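# below are the sequence and a predicted model for it; my questions follow.
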Amino acid sequence: MSAGMVMSNFSLKQGHCLELKGIIPKDAKSFAINLGKDSSNYVIHFNPRFDHHGDTNKIICNSKEENHWGKEQRENAFPFQQGAETTICFEYQADHLKVKLSDGKEFNFPIRMPLDTITFLTMDGIELKSFSLH
Ligand SMILES: CCCO[C@@H]1O[C@H](CO)[C@@H](O[C@@H]2O[C@H](CO)[C@H](O)[C@H](OCc3cn(Cc4ccccc4)nn3)[C@H]2O)[C@H](O)[C@H]1NC(C)=O
């Protein structure tokens, strides 16, 4: 399993997108991408599950404030394959994040805690290939 990657030397400002390309391990049960302020405060926990916690081929999103999880949001779109590369864009807007998937599908996730810029990223269970801000 890919060890967790942490990045904190960037600023995703409102109106801009963060594009991440990553390789999903062949044996992945799930992977997670977290964006926010620090390890206790995520504006989004993006957690595609192949087979984990009773979820099969579902994206689970949530927020975390001072280490407390919020309400989960489940998405049915699931353009992920174990062993393959994927590209995900996170567009930061004032009251939501627009998440754009590699098959062109997209969904919104509400911003539940105000944050001027997103400066913290962790990736678990997926190997980062490229990171770009637009
Ligand atoms: C019905 C009563 C039980 O509800 C279940 O409660 C579980 C425990 O709270 C929920 O699972 C948690 O959901 C959170 C989001 O709401 C996070 O996804 C929790 O995982 C955090 C986490 C990250 N990591 C690192 C990681 C992630 C992926 C791959 C490798 C390492 N390890 N644990 C994950 O353990 C799970 O989503 C929830 N299921 C439902 C249907 O609500």
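Structure's in. What do you need?

# tell me the contacts of residue 15?
Going by Cβ atoms under 8 Å, 6 or more residues apart in numbering, residue 15 touches 92, 93. For every residue, glycine as well, the C-beta is placed using N, CA and C.

# which of the three states applies to it?
coil (DSSP: H, G, I helix; E, B strand; the rest coil).

# so which bits of the protein are right by the ligand?
Counting by Cβ under 6 Å from any ligand atom, the chain comes close to the ligand at 1, 30-32, 45, 47, 53, 60, 62, 69, 72, 124-125.

# these into TSV, with extra columns for secondary structure, neighbour count and pLDDT?
What follows is the residues of the chain next to the ligand, written out as TSV (DSSP: H, G, I helix; E, B strand; the rest coil; neighbours: other Cβ atoms under 10 Å; pLDDT from 0 to 100):
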residue	secondary structure	neighbour count	pLDDT
1	coil	11	42
30	strand	20	98
31	coil	24	98
32	strand	17	98
45	strand	21	98
47	strand	21	98
53	coil	10	94
60	strand	18	98
62	strand	18	98
69	strand	11	98
72	coil	13	98
124	strand	17	97
125	coil	21	97
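
# out of the residues you listed, which one sits closest to residue 17?
residue 45 (18.5 Å; Cβ to Cβ).

# list the helices and strands the helix or strand of the chain with the lowest mean pLDDT packs on?
Lowest mean confidence among the helices and strands of the chain (mean pLDDT, DSSP states H and E): strand 5-7, at a mean of 93. If you count contacts as 3 or more Cβ pairs under 8 Å, 6 or more residues apart in numbering; DSSP states H and E, strand 5-7 packs onto strand 120-124.
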